[in-house]
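*Asks:* Predicted model and sequence below, questions to follow.
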Amino acid sequence: MEQVHQESARSPAPSGKADAPASEFLTFRLGSEGYGIEILKVQEIRSYETPTKIANAPAFIKGVISLRGVIVPVLDLRVKFYLDQASYDEFTVVIILNVVGRVVGVVVDSVSDVLTLPVDLVRSTPEFASATFDTKYIAGLATIDDRMLILLDIEKLMTGADMALVVGAVH
């Protein structure tokens, strides 16, 4: 995947403008799909450790960990996105994010790379007629080497009404 990163960083935007605006994304896997989070939101990447469970928390909240004295809620994005439950193995990691002044961890299957994506490569999320399928957490889609990359708006995801336990203080 490193080759993709290098080509993306050096290739001019499809419009031919070498100075087209670009953003960097940390890419990761959830099941068979590739996702990306804006790199500026990422604080660090840690190997998975079993968090301390919190009573009555939603299923997608795995619990909390202590990160240098800071209590950090940990969410499993596979559960949040209704994906098949995967096993935790040596590739499973927790991406520590700093979102809206809060530190939050998200469990992913593996981290892939950091990609620089010219704005021209990012496509809008298609709209769906069904109210049961919510795409508000998807910032856009990009195709890299014939594979779709789903770019998450992690701030919208973490500050959504269903994340009230994450935003609130944990005692």
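*Replies:* Looks like it arrived, so ask away. Numbers count the residues shown, from 1 in each chain.
*Asks:* Do you have the helices of this structure handy? List them.
*Replies:* With helices called from DSSP state H, the chain shows them at 2-10, 77-80, 154-158, 164-167.
*Asks:* Need the contact partners of stretch 94-107.
*Replies:* 26, 28, 37, 41-49, 51, 62, 65, 67, 70, 72-78, 88, 92-93, 108, 111, 154-155, 158-159, 166-167 (C-beta atoms under 8 Å, 6 or more residues apart in numbering). For glycine as for every other residue, the C-beta is placed from the backbone atoms N, C-alpha and C.
*Asks:* Actually, stretch 66-83.
*Replies:* With C-beta under 8 Å, 6+ apart, stretch 66-83 has contacts from 30-31, 33, 35, 46, 51, 54, 59-65, 84-86, 94, 96, 103-109, 157, 165-166, 170.
*Asks:* And for stretch 42-50?
*Replies:* Residues outside stretch 42-50 that contact it (C-beta under 8 Å, 6+ apart) are 26, 63, 65, 67, 88, 92-98, 103, 105, 107, 111.
*Asks:* residues of it that come out buried?
*Replies:* Neighbour counts over stretch 42-50 (16 or more other C-beta atoms under 10 Å) mark V42, Y48 as buried.
*Asks:* Run the chain-centre distance for it.
*Replies:* With C-alpha atoms, centre = their mean, to the nearest Å as the basis, stretch 42-50 stands 13 Å off its chain's centre.
*Asks:* And for stretch 106-115?
*Replies:* Here stretch 106-115 is found 8 Å from its chain centre; the criterion is C-alpha atoms, centre = their mean.
*Asks:* so what's G36 bridging to?
*Replies:* In this entry, G36 is beta-bridged to T27, L151, by DSSP bridges.
*Asks:* separation between it and L157?
*Replies:* Noted for G36: a distance of 13 Å to L157, by C-beta to C-beta, to the nearest Å.
*Asks:* can you check E24 too?
*Replies:* For E24, the distance to L157 - C-beta to C-beta - is 19 Å.
*Asks:* Show me which of those two is the more surrounded one.
*Replies:* More crowded of E24 and L157, by other C-beta atoms under 10 Å: L157, with 24 against 16.
*Asks:* And the lowest mean pLDDT element among the helices and strands of the protein?
*Replies:* Within the chain, no helix or strand scores below helix 2-10, which has a mean of 36 by mean pLDDT, DSSP states H and E.
*Asks:* before we move on, the earlier item: would you mind listing which of the contacts of stretch 66-83 are buried?
*Replies:* Using 16+ other C-beta under 10 Å as the burial test, the contacts of stretch 66-83 include 30, 35, 51, 54, 60-65, 86, 94, 96, 103-109, 157, 165-166 as buried.
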